[in-house]
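> Fold the stuff below for me.
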Amino acid sequence: MGRIVNSYIMPHPPLAVPGVAVGRYEEARNTVEAMKRAAADIAADNPSTIIISSPHAPAFSDYLYISDGRELYGNFSNFGDPATQLSFINNEELAELIGEKARLAGINAGGLSAGMKRQHGIADSLDHGALVPLFFISQELKGFRLVHLSTPFMAFDELYELGKCIAEAVAELDEDVVYVASGDLSHRLIPDAPAGYSPSGKKYDEFLVDKIGSGDVEGLLNLDIDLMEAAGECGTRSIIMMLGAMDGKKLQNTVYSYEGPYGVGYLVAKIDPPEDESIHVKLARESLETYVKEGKLIEIPDWVQEEMLKTKAGVFVSLKIKGQLRGCIGTISPTKENIAEEIISNAISSGTVDPRFEAVIEEELHMLRYSVDVLSEPERIMSLEELDVKRYGVIVTKGYRRGLLLPNLEGVDTPVDQVKIALRKAGIGDSEEFELERFEVIRYR
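Okay, the predicted model is just below:
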């Protein structure tokens, strides 16, 4: 089974290449040194194939162009350096499989006929968006094959889906792969920048560098498109495709450098692979996906842990899309024979019967992010002083009315806030007397 070992973000300033720079190396020293470091790390990854997505490859609004032909080559003659030439063997099997997976997902993809290339003025040679990173990588690593992709002008969710298609294709082959997302940030950082100056340039770069540095994939997917366009960038779509290939979980990233020489933002970063999905979340995901696609409950899979079959507990399953709640249903006390059955039931309920939302449809499934909270037995408490919003959830009860709030929720900073929200959910007035309980959870992602 193949895997994407690591992914990297690398810019593509031709002036970073010695034959082009002609004495201007010092202006981008940090970027050059960071690209050398990234190249050395890629060599340590020792991939058999490198996938590179470039915003300067032939780009369409409704088509993923994948370079075809046995050999992929290019030089820097457009930048006054014809002597620096690069050539790589195309991993045609992987390229074709990526196209196949994309088409199955409803996204047109593949190569282009000679006639189409002539019609659109498309050359067979690699663009500088691919060549600059590959120049540094080839100084450290030899013998790898290449897959060269465009970055289509599609919506973020489609680009993210493309990334998932890429990962699915890699998984079917016996390959260790590195994904390189080529892209510059804003081209409008200073008055004499290539695209002129805009204050949006700095704002965009700070946003993107922060989201990459913190591994906030959902935050990046919520990027303001108007800000992106005002910044005059060329890397966002490439990065989003790469994040889709990493399946967008919480990532542990390393920013090697960021600087803005020549008025253009250059980010060099390593995107470490996500942690494996927990068994609890895998069960929740497969339960909901099977129900939405096939209308049936799944049997408890063989890979479910023995502990989940022997233990009873209340369970909450939460769903989000791009950081926004899409469903949350749970049980305070166990209602099923074991935790596994509790997860299956509540995952389906979260996606289909949460009264705050329409039922999840099949087209949304790939965008969902899951968390599963397994609750401890609630204990009675007498005052708010016994609460800690990070550690404990809270249950408020008045007769048949009961409200619950999970612990460690964004925007819930004090026990007072926590109890007020729980009371509101239960329909209990602030002036009414009520019972108070706390509980702990184990949260799985």
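> Could I get the full set of strands for the stretch 101-250 of the chain?
Remark: strands of the stretch 101-250 of the chain, listed N- to C-terminal, are 109-110, 145-149, 176-182; assignment by DSSP state E, counting those that start in this stretch.
> what's in contact with the shortest one?
Counting contacts by Cβ atoms under 8 Å, 6 or more residues apart in numbering, the residues outside strand 109-110 that touch it are 63-66, 68, 96, 98-99, 102-103, 162. Every C-beta, even on glycine, is put in place using the N, C-alpha and C of the backbone.
> shaky segments in the stretch 251-400 of the chain?
Regions of the stretch 251-400 of the chain meeting the criterion pLDDT under 70 cover residues 251, 273-276, 322.
> hmm, 50 instead?
Scanning the stretch 251-400 of the chain for pLDDT under 50 picks out nothing.
> Now the phi/psi pair for Ser318, please.
Phi and psi for Ser318, reported as degrees, to the nearest 10, are phi -110, psi 140.
> For the nearest residue to it once chain neighbours are set aside, give me its contacts.
Closest residue to Ser318 in three dimensions, ignoring its sequence neighbours and counting by Cβ to Cβ, 6 or more residues apart in numbering: Cys328, at 4.4 Å. Cys328 makes contact with 316-319, 350, 354 under the criterion Cβ under 8 Å, 6+ apart.
> can you list contacts of stretch 387-401?
332, 375, 378, 381, 402-409, 412-415, 417-419, 422-423, 426-428, 432-441.
> still on that earlier bit, from the contacts of strand 109-110, which one has the minimum pLDDT?
The member of the contacts of strand 109-110 with the lowest pLDDT is Asp68, at 91.
> show me where the stretch 51-200 of the chain has helices.
Using DSSP state H, counting those that start in this stretch, the helices assigned to the stretch 51-200 of the chain run over residues 92-104, 114-120, 128-140, 156-171, 199-214.
> worst average pLDDT in those helices?
In terms of average pLDDT, helix 114-120 trails the rest of the helices of the stretch 51-200 of the chain, at a mean of 86.
> Touching it from outside, list them.
Counting by Cβ under 8 Å, 6+ apart, the neighbours of helix 114-120 from elsewhere in the structure are 58, 112, 122-124.
> May I have it exported as CSV, CA atoms only?
Extracted as CSV, the C-alpha positions of helix 114-120 are listed here (Å, rounded to 0.1, in the frame of the first residue of the first chain):
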residue,chain,number,x,y,z
ALA,A,114,-1.7,17.6,-29.3
GLY,A,115,-4.5,19.5,-31.0
MET,A,116,-5.8,20.9,-27.7
LYS,A,117,-2.2,21.9,-26.7
ARG,A,118,-1.8,23.8,-29.9
GLN,A,119,-5.2,25.5,-29.5
HIS,A,120,-4.4,26.7,-26.0
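> What strands line up against the helix or strand hosting Ile9, and which way round?
If you go by DSSP states H and E, Ile9 is part of strand 3-10. Paired strands of strand 3-10, with direction, are strand 176-182 (parallel), strand 266-271 (antiparallel) (DSSP bridges).
> and among these, the most buried is which?
With neighbours taken as mean count of other Cβ atoms under 10 Å, those reach their highest mean count in strand 176-182, at a mean of 26.
> Other residues contacting that one?
Contact with strand 176-182 is made by 2-12, 42, 45-56, 94, 129-130, 132-133, 137, 166, 170, 235, 238-239, 241-242, 245-246, as judged by Cβ under 8 Å, 6+ apart.
> Looking at the helices of the stretch 51-200 of the chain, spot the one closest to Glu307.
Within the helices of the stretch 51-200 of the chain, the stretch nearest Glu307 is helix 156-171; the backing value is 28.4 Å (Cβ to Cβ).
> so the closest one versus strand 3-10, what angle?
130 degrees (axes from the mean of the first three to the mean of the last three Cα atoms, to 10 degrees).
> From the contact counts, what lies against helix 156-171?
strand 3-10, helix 92-104, helix 217-221, helix 236-245 (3 or more Cβ pairs under 8 Å, 6 or more residues apart in numbering; DSSP states H and E).
> So which of these is the most surrounded?
Ranked by average neighbour count under the criterion mean count of other Cβ under 10 Å, the helices and strands packed on helix 156-171 are headed by helix 236-245 at a mean of 27.
> how distant is the helix or strand that comes right after that one from the center of its chain?
Of the helices and strands lying after helix 236-245 in sequence (DSSP H and E), the nearest is strand 253-259. Its chain's C-alpha centre and that of strand 253-259 lie 17 Å apart, by Cα atoms, centre = their mean, to the nearest Å.
> how about the helices of the stretch 301-445 of the chain, start to end?
Using DSSP H, counting those that start in this stretch, helices in the stretch 301-445 of the chain cover 306-310, 339-352, 415-426.
> List the buried residues for the helix or strand hosting Lys282?
Counting by DSSP H and E, the element that carries Lys282 is helix 279-294. Using 16 or more other Cβ atoms under 10 Å as the burial criterion, the residues of helix 279-294 that qualify are 279-285, 287-292.
> Nearest to Glu306 among these?
Checking those against Glu306 with Cβ to Cβ, the nearest one is Ile279 at 11.1 Å.
> Tell me which residues touch that closest one, please.
With Cβ under 8 Å, 6+ apart, Ile279 has these contacts: 303-305, 308, 444.
> taking those one by one, which sit in strands?
For the contacts of Ile279, membership in strands holds for Tyr444, with DSSP state E as the criterion.
> What residues of stretch 130-144 count as buried?
Of the residues in stretch 130-144, those scored as buried under the neighbour-count criterion (16+ other Cβ under 10 Å) are 130-138, 141, 144.
> Thanks a lot, catch you later.
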